[in-house]
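Trainee: quick one: sequence and predicted model below, then my questions.
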Amino acid sequence: MFDSHVHFDAEPFFADLGEVAARTRAAGVTGAVNPAIDLASSARTKAIHEAQPWILPAAGFHPLYLDPWEEPPEAELDALLRAGAYVAIGEAGLDFWHGRDDEARQRAFLEAQGRLARRYGLPVLLHVRKGFYEALAVLRQAGFTGPGVCHAFSGTRDMARLALDRGFHLSACATITYPERSRLREVFRWAPRDRILVETDAPDIPPLARRGQVHRPWDLPLTVAALAEAMGVTPGEAAEVTEENARRLFGGERKLEPPRHEDTKNARPACL
């Protein structure tokens, strides 16, 4: 199993990373991507990767963690990316769940991250609440044409179709375990199998069996089982296909180096 989105740098896990990693591996998780929320988090994801090479690092700015910045610190993020190791940009996006007071800044940060993703040929881990079509438009304005991941996808089939057309994968999170999400399960039954991923988003979005509790990285089999049922396959088959998709997208556990900076403008990932 491969967890496409799990926050090992979050407080519940980072303080005891060795034990958390061991329990997660014992549950059958062989790879993961650790998204970042800001510059400090971006540095931690790389440090975690150095300690646990199977946990692949991302770098970026979550739209709800922009308070210290008036403008995107694009040069600082670019410097991190040039240092190597990172497999994705994010999690980046738009989040208007609590209103649009910060809309201009969120758009600016997403556009900046789209430019960097294009420059380095990296996928974007897209976080969206109440701004799906706008987020795709901002990324297109930045010249980003994929690939990417719709993290914790919970939209309609029309949204899924547009995301797929724009080069995104759809990542199923534990909301798929909830009985009331039958339409979401239908989307994942319909979606092309080579564009489906699975994630925990731990410590957030716990599965039905742990509703109201901290979501643990080793809970991934619960979501894989629900996704398998939605896809009409066995849990083993769902685990295998989503891991293959993730390895192809993120590059597995090979030595990860960025392209030479002067050659990055038109660089594209091999998976497209």
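Mentor: Cool, the structure landed. Numbers count the residues shown, from 1 in each chain.

Trainee: in the stretch 51-200 of the chain, which spans are helices?
Mentor: Under the criterion DSSP state H, counting those that start in this stretch, helices of the stretch 51-200 of the chain are mapped to 74-82, 103-120, 132-141, 157-165, 182-190.

Trainee: so Ala226, which of the three states?
Mentor: helix (DSSP: H, G, I helix; E, B strand; the rest coil).

Trainee: leaving out sequence neighbours, find the closest residue to it.
Mentor: Thr177 (4.3 Å; CB to CB, 6 or more residues apart in numbering). In this view, the C-beta of every residue, glycine as well, is placed from N, C-alpha and C.

Trainee: what's the local residue count around that neighbour?
Mentor: The local packing of Thr177 (other CB atoms under 10 Å) involves 24 other residues.

Trainee: and what of the one 5 residues further on?
Mentor: For Ser182, the count of nearby residues is 10 (other CB under 10 Å).

Trainee: need the nearest residue in space to Ala59, chain neighbours excluded.
Mentor: Ser42 (3.7 Å).

Trainee: now swap in Gly31 and tell me
Mentor: Going by CB to CB, 6+ apart, Gly31 has Phe2 as its nearest residue, at 4.3 Å.

Trainee: Thr242 now?
Mentor: Val198 (4.6 Å).

Trainee: what do you get for Ala228?
Mentor: Distances taken as CB to CB, 6+ apart put Ala238 closest to Ala228, at 3.6 Å, once the chain neighbours are dropped.

Trainee: ok, Glu70 next?
Mentor: Arg105 (7.5 Å).

Trainee: if we can go back for a sec, quick one: what helix or strand has the residue nearest to Ala59 in it?
Mentor: Under the criterion of DSSP states H and E, Ser42 resides in helix 39-51.

Trainee: quick one, strands of the stretch 151-272 of the chain?
Mentor: 168-172, 196-198 (DSSP state E, counting those that start in this stretch).

Trainee: quick one: strands adjacent to the last one?
Mentor: With DSSP bridges as the criterion, the sheet partners recorded for strand 196-198 are strand 168-172 (parallel).

Trainee: angle of the strand it pairs with against helix 157-165?
Mentor: Counting by axes from the mean of the first three to the mean of the last three CA atoms, to 10 degrees, strand 168-172 lies at 130 degrees to helix 157-165.

Trainee: and stretch 181-198, how far out from the chain's middle?
Mentor: Offset of stretch 181-198 from its chain centre (CA atoms, centre = their mean, to the nearest Å): 16 Å.

Trainee: neighbouring contacts of stretch 33-48?
Mentor: Identification of contacts with stretch 33-48 by CB atoms under 8 Å, 6 or more residues apart in numbering yields 3-9, 14, 17, 49, 55-62, 65, 68, 73, 76-77, 80, 83, 85-88, 90-91, 125, 151, 246, 250.

Trainee: what number of residues lie near the residue nearest to Gly31?
Mentor: Per other CB under 10 Å, the neighbour tally for Phe2 reads 26.
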